[in-house]
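> Return a 3D structure for these sequence lines:
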Amino acid sequence: MDIKKVEKLLSELNLPNFRLKQIVKNYFSGKYKKFEEMTDLPLDLRKELDDKVGLLAVAEIEIKKGEDCEKTVLKLKDGKKIETVLMNYGEWISACLSTQVGCAMGCKFCATGKMGLKRNLEAEEIVDQLLYWNNKVQPQYVGRIVFMGMGEPFANWENVWRAIEIIHDNLDIGWRKMSISTVGIIEKIYEFADLGVEINLAVSLHATDQKTREKLMPVAKENNLDELRKAFEYYCQKTRRQLFFEYALIDGINDSIAEARRLSRFIKSNKLFYLNIIKLNPTDGAFWSSNREREADFLRELDRARVLYSVRKSFGREIKAACGQLVVRYKDE
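Predicted structure coming up:
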């Protein structure tokens with residue numbers, strides 16, 4: 001919702017200030033999809049607001065339900081579409097939010113990257129993904145968010161940071177219950193570290209040598225691994241917080257015993273480095289896959305080296321909602 005637009009409309013209608021407070025409170029409650037549902041407002045005002053403002057910047061087109069998660073396709077006001085995911089951990093509910101329509105990073109194992117970048121999302125389009133999910137899970141609410149959906153958060157940082165501030169200030173989600181995933185944009189890691197907020201940061205690593213990383217992630221050419229390591233060290237020194245590294249095991253590319261040993265040395269080089277192993281999720285047209293036997297050997301080597309790591313649970317693979325599977329195949333209207 002464009003609050004400034006609402007404020008302007010209320011001013012034109014010579015309505016009292018408490019109406020704005022009502023509307024803002026209702027908006028962030030996540031209970032409503034349209035203004036017409038806000039029965040504490042006059043009917044004429046509700047119609048005016050729906051006609052001239054609109055409550056949410058996103059509208060559901062399709063929803064798919066998996067065993068422990070849901071994925072929806074949301075239409076934006078210009079006709080473009082995004083996907084967002086809800087994950088149920090039992091003790092809490094987490095939303096995976098998108099930050100761009102498509103993505104320009106071009107990671108070879110990611111379906112979103114094949115779309116290319118259509119445009120950045122505005123802050124309200126990011127916030128409204130969360131409000132959409134809060135409406136779905138009423139009377140519960142989303143307790144944690146991860147910016148790991150479509151797009152690179154640091155490539156749209158102004159809008160993402162604005163959305164984060166709105167969410168933090170109005171939706172009772174603390175800094176430590178937010179996580180940002182990046183391919184590793186050096187200058188933004190420094191900038192993020194200097195913010196001094198306790199938001200979790202995860203970096204897509206996927207290889208410990210420059211050549212392999214460039215093969216998997218074209219953006220690595222502009223973000224050299226040696227310089228990235230300096231940024232990692234700066235982040236940990238500045239924030240005193242764990243830095244999470246995401247590593248998808250790909251058969252014959254980065255899952256050898258030798259690579260496990262290099263990765264072990266890398267993770268153990270700083271006590272604040274933590275490794276998340278990700279099982280490679282299948283995408284349409286992908287020519288890479290995972291190998292269970294090599295995965296098992298890889299993990300045994302990490303255990304032998306006493307590396308701090310976990311194998312991240314894959315939510316929604318059966319509905320193509322897992323890491324790297326988000327993509328929109330609908331034509332823009």
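> who's in contact with D50?
K34, F35, E36 (Cβ atoms under 8 Å, 6 or more residues apart in numbering). To be clear about C-beta, it is placed using only N, CA and C from the backbone, and glycine gets the same treatment.
> which one of these sits closest to K21?
F35 (15.0 Å; Cβ to Cβ).
> quick one: that closest one and A321, what's the gap?
Separation of F35 from A321 (Cβ to Cβ, to the nearest Å) stands at 30 Å.
> now the strands for the stretch 101-250 of the chain?
Under the criterion DSSP state E, counting those that start in this stretch, strands of the stretch 101-250 of the chain are mapped to 117-120, 144-147, 178-182, 200-204, 243-249.
> Dump those to CSV, plus mean pLDDT.
Formatted as CSV, the strands of the stretch 101-250 of the chain follow (pLDDT from 0 to 100):
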stretch, mean pLDDT
strand 117-120, 96
strand 144-147, 97
strand 178-182, 98
strand 200-204, 97
strand 243-249, 96
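> can you redo these as TSV with distance to V6 and mean neighbour count?
Formatted as TSV, those follow (distance: least, Cβ to Cβ, whole Å; neighbours: other Cβ atoms under 10 Å):
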stretch	distance to V6	mean neighbour count
strand 117-120	23	18
strand 144-147	24	22
strand 178-182	26	21
strand 200-204	33	22
strand 243-249	38	22
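> show me the contacts for the closest residue to K188 other than its chain neighbours.
Nearest residue to K188, sequence neighbours excluded (Cβ to Cβ, 6 or more residues apart in numbering): F154, at 3.8 Å. Listed by Cβ under 8 Å, 6+ apart, the contact set of F154 reads V160, I180, T182, I185, K188, I189, F192.
> bridging residues for I93?
Judged by DSSP bridges, the bridge partners of I93 are N88.
> isn't it right up against I145?
No: in this structure I93 lies outside contact range of I145 using Cβ atoms under 8 Å: 10.0 Å.
> Drop anything exposed from the contacts of D50.
F35 (16 or more other Cβ atoms under 10 Å).
> So N281 sits against S314, correct?
Yes: between N281 and S314 there is a contact under Cβ under 8 Å: 6.4 Å.
> ok, the two, which is more surrounded?
Taking other Cβ atoms under 10 Å, N281 and S314 do not tie; N281 has more neighbours (20 against 16).
> Check the gap between that one and Y235 for me.
27 Å.
> now do Q138
37 Å.
> okay, these two: which has more neighbours?
Taking neighbours as other Cβ under 10 Å, Q138 and Y235 compare with Y235 leading, 21 against 10.
> residues touching the more buried one, list them.
Contacts of Y235 (Cβ under 8 Å, 6+ apart): I189, Y190, F192, A193, L201, R241, L243.
> go on, N135?
G30, K31, Y32, K33.
> Now, the residues you listed that are in strands?
Taking DSSP state E, every one of those sits outside strands.
> Turn the residues you listed into JSON lines, including distance to P16, pLDDT and neighbour count.
Output for these, formatted as JSON lines (distance: Cβ to Cβ, whole Å; pLDDT from 0 to 100; neighbours: other Cβ atoms under 10 Å):
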{"residue": "G30", "distance to P16": "25", "pLDDT": "92", "neighbour count": "20"}
{"residue": "K31", "distance to P16": "23", "pLDDT": "94", "neighbour count": "14"}
{"residue": "Y32", "distance to P16": "21", "pLDDT": "94", "neighbour count": "17"}
{"residue": "K33", "distance to P16": "25", "pLDDT": "91", "neighbour count": "14"}
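> now D255: how far from I277?
Applying Cβ to Cβ to D255 and I277 gives a distance of 10 Å.
> Which neighbours do the two have in common?
L249.
> Chain neighbours aside, what residue packs nearest to S290?
L280 (4.3 Å).
> re earlier: tell me how far the residue nearest to K188 lies from L74.
22 Å.
> Then G113?
20 Å.
> just C323 next, same as before
Separation of C323 from L74 (Cβ to Cβ): 19 Å.
> Show the end-to-end separation of stretch 146-154, please.
13 Å (Cα to Cα, to the nearest Å).
> Also stretch 24-38?
Stretch 24-38: ends 11 Å apart by Cα to Cα.
> For that stretch, which outside residues touch it?
1, 3, 6, 22-23, 40-41, 45-47, 49-50, 53, 55-56, 130-131, 133-135, 138, 141, 170-171.
> for it, the distance to its chain's centre please.
When C-alpha coordinates are averaged (Cα atoms, centre = their mean, to the nearest Å), stretch 24-38 and its chain have centres 24 Å apart.
> hmm, back to that, present the contacts of N135 as CSV; the columns should include distance to E122.
Shown next, in CSV, are the contacts of N135 (distance: Cβ to Cβ, whole Å):
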residue, distance to E122
G30, 19
K31, 23
Y32, 20
K33, 19
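> how about the closest residue to F245 other than its chain neighbours, what does it touch?
Using Cβ to Cβ, 6+ apart and skipping the chain neighbours, the partner closest in space to F245 is L205 (4.4 Å). By Cβ under 8 Å, 6+ apart, L205 lies in contact with G184, R213, F245, E246, Y247.
> What distance do you get for the fourth one to V197?
Spatial separation of E246 from V197 under the definition Cβ to Cβ is 20 Å.
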